[in-house]
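# Fold the following for me, if possible:
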Amino acid sequence: MNGYAIQTPDQLKHVIVGFRKSAGLTQEDMAMRLGVAQQTYSTSERNAANMSVTKLLSVLNALGVELVLQPKSAPRSSADSGVKTAQW
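You can find the predicted model right below:
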């Protein structure tokens with residue numbers, strides 16, 4: 001898999017599952033790597049949008065994936081991008 005820009009929390013689950021499957025790993029394999037029960041890992045993966053940063057980094061590390069934050073290439077307005085921005 002290549003790099004992926006995540007625009008919404010819901011996209012996180014799909015990216016994690018994609019990296020796991022492309023590595024040929026099952027949820028049981030991931031649970032063993034993380035030292036948790038398969039059901040615990042399954043719940044975390046299913047609810048990835050609500051995962052703590054600490055847990056997310058542990059999962060990414062177990063997948064051999066790093067988190068890279070970088071500025072967007074070209075600033076776009078939310079109207080141009082089709083992405084709704086959260087209101088604080």
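
# Poorly predicted segments of this protein, please.
The chain contains residues with pLDDT under 70 at 1, 74-88.

# Which stretches in it count as helices?
Using DSSP state H, the helices of the chain run over 9-22, 27-34, 38-46, 53-63, 78-81.

# got TSV for those, with distance to Asn2 too?
Just so you know, the C-beta spots here come from the backbone N, C-alpha and C atoms, and that holds for glycine as well. As requested, the helices of the chain are arranged in TSV below (distance: least, C-beta to C-beta, whole Å):
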stretch	distance to Asn2
helix 9-22	10
helix 27-34	21
helix 38-46	21
helix 53-63	14
helix 78-81	20
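
# Turn the ones you listed into CSV, columns for mean neighbour count.
Below are the helices of the chain laid out as CSV (neighbours: other C-beta atoms under 10 Å):
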stretch, mean neighbour count
helix 9-22, 15
helix 27-34, 16
helix 38-46, 16
helix 53-63, 15
helix 78-81, 10
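
# among the ones you listed, which is nearest Gly3?
Nearest to Gly3, of all these, is helix 9-22, at 10.0 Å by C-beta to C-beta.
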